[in-house]
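In: Requesting a structural model of the entry that follows:
(one chain, ligands or ions: 1)
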Amino acid sequence: MAGLRISKAACTSCGLCQSACPAGALYIKRKAEVDRDACVLCGLCIEACPMGAITLEKEADAPTVAETTRDVWVFAEGLDGRPHPVAFELLGQARALAAARGGVVAALAMGTGAESWAPPLIEAGADRVYACEGDIFDSGMTEPFAAVLANLIETERPETLLFGATVFGRSLAPRVAARVGTGLTADCTGLDIGADGLLQQTRPAFGGNLMATIITAARRPQMATVRPGVFSAAPRAAGRQGEVVRVQQPTGLVLPQVLKTAPGAPGESIAAARVIVSAGRGIGNQKNLELVRRLAERLGGSMGVTRPLVDMGWAPYPCQIGQTGLAVAPDLLVCCGVSGAIQHLAGMGGAKVVVAINSDPQAPIFGAAHYKVVGDAVEILKQLLAQNKS
Ligand SMILES: Cc1cc2nc3c(=O)[nH]c(=O)nc-3n(C[C@H](O)[C@H](O)[C@H](O)COP(=O)(O)OP(=O)(O)OC[C@H]3O[C@@H](n4cnc5c(N)ncnc54)[C@H](O)[C@@H]3O)c2cc1C
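Out: Numbers count the residues shown, from 1 in each chain. The predicted structure is shown next:
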C-alpha cells in the first residue's frame, strides 16, 4: 500500500508539514510523524517540507496499460439481500464498453447470499460473477470488500472497474483505488471508451459550470463511480448463461470496532429547510453567528454557512452549503457576508428567493440575488432582530 516516508535524518521538526496537512495526519514528536489512518496521500506535506524529508512510497504499482485484460467489472453492492438497482444500470453500460473493447463483463458480489445474485446479474449482462460469500461482510465496513477487490484486481487485471456512487460505493471505491495505486473519477455522468482503451469519464466540474472528460492515462484499472439513475439498466435476458467464480472470504483482517453510534444533533441538517439564513466569513467572528442563528429561528428556519466557517470550527458540517456541502432549495435564503464563490453557488441554485447582504457592491453573490443589500451584515442583522422581536 502507498504511504508517506519521513526521513528522520533530514527532518528539522520545523512543523511546516503539520501546518500544510489538511487531514491533521502529521504531528511533531521530536521529529515529524504521520498517522497513516488519517493520511489522505494528498502530497501537500511533501511540497511544504523545505528539507525534502518526506516522500511518497508505493509498495506495489498498479498494473500498467500493457498488463491488463480488456474486461469491464462492476461492483454489485447489496441492498436488502439483493443487488442494488445501480448494479444493473452499470452492467448495461459495462456491456457497451466491453463490446467496444472485445472484453468480458464481470460483476463482483460479496456478502451472505452473494452466490444467489449470480443469475440476475448474468441476465442483466454479466458474463462472469465473482461471488464471495461470508459473514465478514456483515459489519458493513468497507475493509473486507476492499481487500477482496484489491486481490482480485491484482490477479485478474481488469481494464475498467465501475461502482455505484452510493454512500457505500463512494466510501469503498477510493479505498480500492488507493490500495492498487490507480486513479478514480467520482460521480461520472457519462462513460465512453475509445479503440485505445482509454475510458472517457465525463463529470460536471467547477460547480457544474462545465463538463470535464477525465482519463486515467497510465494506471489500471480505470475506476469510476456513477450516481444511481444516470444509466438505464439493460433489459434482462431470461435464462442467459454465465460463469460463477467462487472467491474465498479474506482471513486475518483486523476490522475497526464501532464502540458507539450517536445520532447527529436534531435540526442541524438544512437540506429540507424552507427558510435559511446563511453566514459567510463577512460575519466577522463566531459570536456574531448567534445573530444569524437567532434570525433563522425567528423566521422558522435554519442556519447555513460557507465552507470556511466549517473549516474554522464555527459551525458543524451539516450546515455547509455548496459543492462539498449540501444542496439546498429553500423558499427564502438570506446570505450574510457570503462572497458567492462558485463552489458555494453550486449548492444554492434551488433557492426560490435569495436576499444577499454584503458590504462589497461588486460581490459575486449579488449576481445570484433577487434582493441586494449593500451594508454591514452584523448591523443589518441586529436591526432585523430588533424589528422582529418574538
Ligand atoms: C474544491 C472546493 C470545494 C469547495 N466547496 C465549498 C462549499 O461546498 N461551500 C462553500 O461555501 N465553499 C466551498 N469552497 C470554498 C469557496 O471557494 C470559497 O472560498 C468560500 O465559499 C468563501 O466563503 P465566504 O464567502 O464565507 O468567504 P469570503 O470569500 O472571504 O467572502 C466574505 C464576504 O463577506 C463580505 N464581507 C466582509 N465583511 C462584511 C461585512 N461586515 N458585512 C457584509 N459583508 C461583509 C466580503 O465582501 C466578501 O464578499 C470550496 C472550495 C474548493 C476549492
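In: can you pull the buried residues of stretch 367-374?
Out: 368, 369, 373 (16 or more other CB atoms under 10 Å). Where you see a C-beta, it was placed from the backbone N, CA and C, and this is true even at glycine.
In: Now for the closest residue to residue 284 other than its chain neighbours, how many residues are close by?
Out: Using CB to CB, 6 or more residues apart in numbering and skipping the chain neighbours, the partner closest in space to residue 284 is residue 378 (6.0 Å). Applying other CB atoms under 10 Å, we find 20 residues neighbouring residue 378.
In: Residue 378 sits in which helix or strand?
Out: helix 377-387 (DSSP states H and E).
In: Kindly report the same for residue 90.
Out: Assigned by DSSP H and E, residue 90 falls in helix 85-101.
In: quick one on the thing from earlier: among the buried residues of stretch 367-374, which ones lie close to the ligand?
Out: By CB under 6 Å from any ligand atom, no member of these lies near the ligand.
In: Need the three-state assignment for the most centrally placed residue in the chain.
Out: Computing the C-alpha centroid of the chain and ranking residues by CA atoms, centre = their mean puts residue 170 first, at 5.4 Å. Assigned with DSSP: H, G, I helix; E, B strand; the rest coil, residue 170 falls in the helix class.
In: correct me, but it touches residue 186?
Out: Yes. When contacts are counted by CB atoms under 8 Å, residue 170 is listed as touching residue 186 (6.9 Å).
In: Next to the ligand, which bits of the chain? Give me the list.
Out: So far as CB under 6 Å from any ligand atom goes, the chain lies against the ligand at 280-282, 306-308, 320-325, 337-339, 341, 343-344, 347, 357-360, 363, 376-378.
In: Buried only: go through these for me.
Out: 280-282, 306-307, 320-323, 325, 337-339, 341, 344, 347, 357-358, 363, 376-378.
In: how about low-confidence regions in the chain?
Out: By pLDDT under 70, the weakly predicted segments of the chain are 1-2, 58-66, 207-208, 264-269, 390.
In: domain parsing for it?
Out: Under the assignment automatic domain parsing, the domains of the chain span 3-57, 65-246, 275-387.
In: ends of the last one, how far apart?
Out: It stands for domain 275-387. 18 Å (CA to CA, to the nearest Å).
In: which residues sit in contact with the residue nearest to the centre of the chain?
Out: Residues in contact with residue 170 (CB atoms under 8 Å, 6 or more residues apart in numbering) are 163, 186, 225.
In: Kindly provide the distance from it to residue 342.
Out: With distances taken as CB to CB, to the nearest Å, residue 170 is found 22 Å from residue 342.
In: Count the residues that sit near the closest residue to the ligand within the stretch 51-200 of the chain.
Out: Residue nearest to the ligand within the stretch 51-200 of the chain (CB to the nearest ligand atom): residue 186, separated by 12.1 Å. Neighbour count of residue 186, defined by other CB under 10 Å: 18.
In: before we move on, what about the one 10 residues further on?
Out: Burial measure for residue 196: 7 neighbouring residues, criterion other CB under 10 Å.
In: Then residue 129?
Out: Residue 129 sits with 27 neighbouring residues when counted by other CB under 10 Å.
In: Number the residues from 331 up from this point.
Out: Got it, the first residue is 331 from now on, which makes the last one we talked about residue 459.
In: Strands of the stretch 531-680 of the chain, start to end?
Out: Secondary structure of the stretch 531-680 of the chain (DSSP state E, counting those that start in this stretch): strands at 540-544, 552-556, 573-576, 605-609, 632-635, 662-666.
In: is it fair to say residue 436 lies in a strand?
Out: Yes. Using three-state DSSP, the assignment for residue 436 is a strand.
In: Tell me what the closest residue to it other than its chain neighbours is bridged to.
Out: Leaving aside its sequence neighbours, residue 436 sits nearest to residue 458 (CB to CB, 6+ apart; 4.3 Å). On the basis of DSSP bridges, residue 458 is bridged to residue 436, residue 573.
In: ok, residue 458 - contacts?
Out: For residue 458, the contact set (CB under 8 Å, 6+ apart) comprises 434, 435, 436, 437, 572, 573, 574, 575.
In: Need the residues you listed in CSV (columns: distance to residue 350 and neighbour count).
Out: As requested, the contacts of residue 458 are arranged in CSV below (distance: CB to CB, whole Å; neighbours: other CB atoms under 10 Å):
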residue, distance to residue 350, neighbour count
434, 44, 19
435, 43, 29
436, 41, 27
437, 41, 28
572, 49, 18
573, 49, 13
574, 49, 17
575, 45, 14
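In: Skipping its backbone neighbours, what lies nearest residue 542 in space?
Out: Per CB to CB, 6+ apart, closest to residue 542 is residue 535, 3.9 Å.
In: Counting neighbours, which bits of stretch 342-361 end up buried?
Out: Neighbour-count burial for stretch 342-361 [16+ other CB under 10 Å]: 346, 347, 348, 350, 351, 355, 356.
In: and residue 569, how many residues sit next to it?
Out: Neighbours of residue 569 (other CB under 10 Å): 8.
In: isn't it right next to residue 449, touching?
Out: No. Counting by CB under 8 Å, residue 569 stays clear of residue 449, with 9.0 Å between them.
In: rewinding a little: show me what the helix holding residue 708 is packed up against.
Out: With contacts defined as 3 or more CB pairs under 8 Å, 6 or more residues apart in numbering; DSSP states H and E, helix 707-717 has these neighbours: helix 619-628, strand 662-666, strand 683-688.
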